[in-house]
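Asker: got a predicted model here, sequence first, then my questions.
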Amino acid sequence: MGKECKIGRHREDYTYTIYDARGIPLGIVCNKCEAEVKSQFRPDVLTDNNYWSDEPIEADEPEEWF
Ligand SMILES: [Zn+2]
């Protein structure tokens, strides 16, 4: 049994997880609703892994030396 797609209308269809440009899962879709689900996200989320550029990218953790 496959999982229901994110929209939930297509129980009979093969489902798969789609990911954004950073590899973060956006949801489970089937090929009937993949475009619809993706349309709910900003296009740059899907194509540009520098989105959310207002967040600092560098980690602030100090390196540990032994
Ligand atoms: Zn679907």
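Answerer: Thanks, I have it. Numbers count the residues shown, from 1 in each chain.
Asker: for stretch 46-66, what is the average pLDDT?
Answerer: What stretch 46-66 shows for mean pLDDT is 73.
Asker: got the end-to-end distance for stretch 18-37?
Answerer: Using C-alpha to C-alpha, to the nearest Å, one end of stretch 18-37 lies 9 Å from the other.
Asker: ok, stretch 14-22 next?
Answerer: OK, stretch 14-22 end separation, C-alpha to C-alpha: 24 Å.
Asker: report the buried residues of that stretch.
Answerer: Buried residues in stretch 14-22, counting neighbours by 16 or more other C-beta atoms under 10 Å, are found at Thr15, Asp20. Where C-beta positions appear, they are placed from N, C-alpha and C, glycine not excepted.
Asker: mind listing the strands for the chain?
Answerer: 15-19, 25-30 (DSSP state E).
Asker: show me what the longest one pairs with in its sheet, parallel or antiparallel.
Answerer: Pointing back at strand 25-30 there. strand 15-19 (antiparallel) (DSSP bridges).
Asker: quick check: residues of the protein near the ion?
Answerer: Residues of the chain lying close to the ion (C-beta under 5 Å from the ion) are Cys5, Ile7, His10, Cys30, Lys32, Cys33.
Asker: related to what we said a few turns ago, turn the strands of the chain into a markdown table, including mean pLDDT.
Answerer: Written out in a markdown table, the entries for those read as follows (pLDDT from 0 to 100):
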| stretch | mean pLDDT |
| --- | --- |
| strand 15-19 | 96 |
| strand 25-30 | 95 |
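Asker: using CSV, lay out those together with distance to Thr47.
Answerer: Converted to CSV, those look like this (distance: least, C-beta to C-beta, whole Å):
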stretch, distance to Thr47
strand 15-19, 12
strand 25-30, 13
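Asker: which of those strands sits closest to Asp48?
Answerer: Across the strands of the chain, the minimum distance to Asp48, taken as C-beta to C-beta, is reached by strand 15-19, at 13.5 Å.
Asker: contacts for that closest one, please.
Answerer: 2-5, 25-30, 34, 37-38 (C-beta atoms under 8 Å, 6 or more residues apart in numbering).
Asker: show me what Ile18 is bridged to.
Answerer: Assigned bridge partners for Ile18, using DSSP bridges, are Gly27.
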